[in-house]
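Engineer: Here you go, sequence then predicted model.
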Amino acid sequence: MVSVSTWFRYIANKLDYSVSLSYKSYKGGLINDKEVIDSVWKNLFQGKLTFLHWNKGQEMAPTIGDQGGTLLVRKLPAADPMRVFVGDVVLLKDPEKSDNFLVRRLAAIEGYEMASTDEKDEPFVLDKDECWVLADNEKLKAKEANDSRNFGPISMTNIVGRVIYCLQTAVDHGPVQNSHFSTRKDTPVLEVELDVEEMAKHHKA
């Protein structure tokens, strides 16, 4: 049973998401100033902060096994350094295939200096809103991993959510290891919205 304090923290998360999403719509000209409050209330009381995503491939092993897994992904109104952190496992739009999504770990964000193991490559600093993502599977070569070592830095806007739970089988499932900051933020969301039985129903293995 979810505690009262957890519910308060969950509602605070939903309010933050609702306000951020409504403000984003307002700045984008999708709604006017009179519609902002209605939009906040609508986003607050309708829908969840998470969605399910199926992922398959060896790039994120052992975090996500070769056979794939059903992932619980937390929605992000905007992917910025205040909401997503280095060490987080994120769902992002494939920079090379617009209709495809990748799951990778956020390794660096704007301001980080990147240095190559190849002395021929010059160090460089990630620009504003840029990030560097990597596969977890250290056994794979850069081309096989299909991460920033292959396609380079990507825009933070490519990130659509943070992976917070993975179900690989009915008996093999659990929280995904993210940064300390994100784990703390996601705990109430996980306690309220996690439904393992529902995840199992959508599992493709």
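Structural biologist: Perfect, thanks for sending it.
Engineer: Only C-alpha atoms from now on, for both contacts and neighbour counts.
Structural biologist: Noted.
Engineer: which helices and strands does the top helix by length along the chain pack with?
Structural biologist: Among all segments of the chain classified by DSSP state H, the helix with the greatest residue count is helix 4-27. Helices and strands touching helix 4-27, as assessed by 3 or more C-alpha pairs under 8 Å, 6 or more residues apart in numbering; DSSP states H and E, comprise helix 36-45, helix 180-193.
Engineer: Show me which positions of that helix end up buried.
Structural biologist: Residues of helix 4-27 classed as buried by neighbour count (16 or more other C-alpha atoms under 10 Å): 9-11, 13-15, 17-23, 26.
Engineer: can I get those residues in JSON lines with distance to Gly161 and pLDDT?
Structural biologist: What follows is the buried residues of helix 4-27, written out as JSON lines (distance: C-alpha to C-alpha, whole Å; pLDDT from 0 to 100):
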{"residue": "Arg9", "distance to Gly161": "19", "pLDDT": "96"}
{"residue": "Tyr10", "distance to Gly161": "17", "pLDDT": "96"}
{"residue": "Ile11", "distance to Gly161": "19", "pLDDT": "95"}
{"residue": "Asn13", "distance to Gly161": "14", "pLDDT": "94"}
{"residue": "Lys14", "distance to Gly161": "15", "pLDDT": "95"}
{"residue": "Leu15", "distance to Gly161": "17", "pLDDT": "94"}
{"residue": "Tyr17", "distance to Gly161": "12", "pLDDT": "93"}
{"residue": "Ser18", "distance to Gly161": "15", "pLDDT": "94"}
{"residue": "Val19", "distance to Gly161": "17", "pLDDT": "93"}
{"residue": "Ser20", "distance to Gly161": "15", "pLDDT": "92"}
{"residue": "Leu21", "distance to Gly161": "14", "pLDDT": "90"}
{"residue": "Ser22", "distance to Gly161": "17", "pLDDT": "92"}
{"residue": "Tyr23", "distance to Gly161": "18", "pLDDT": "89"}
{"residue": "Tyr26", "distance to Gly161": "21", "pLDDT": "90"}
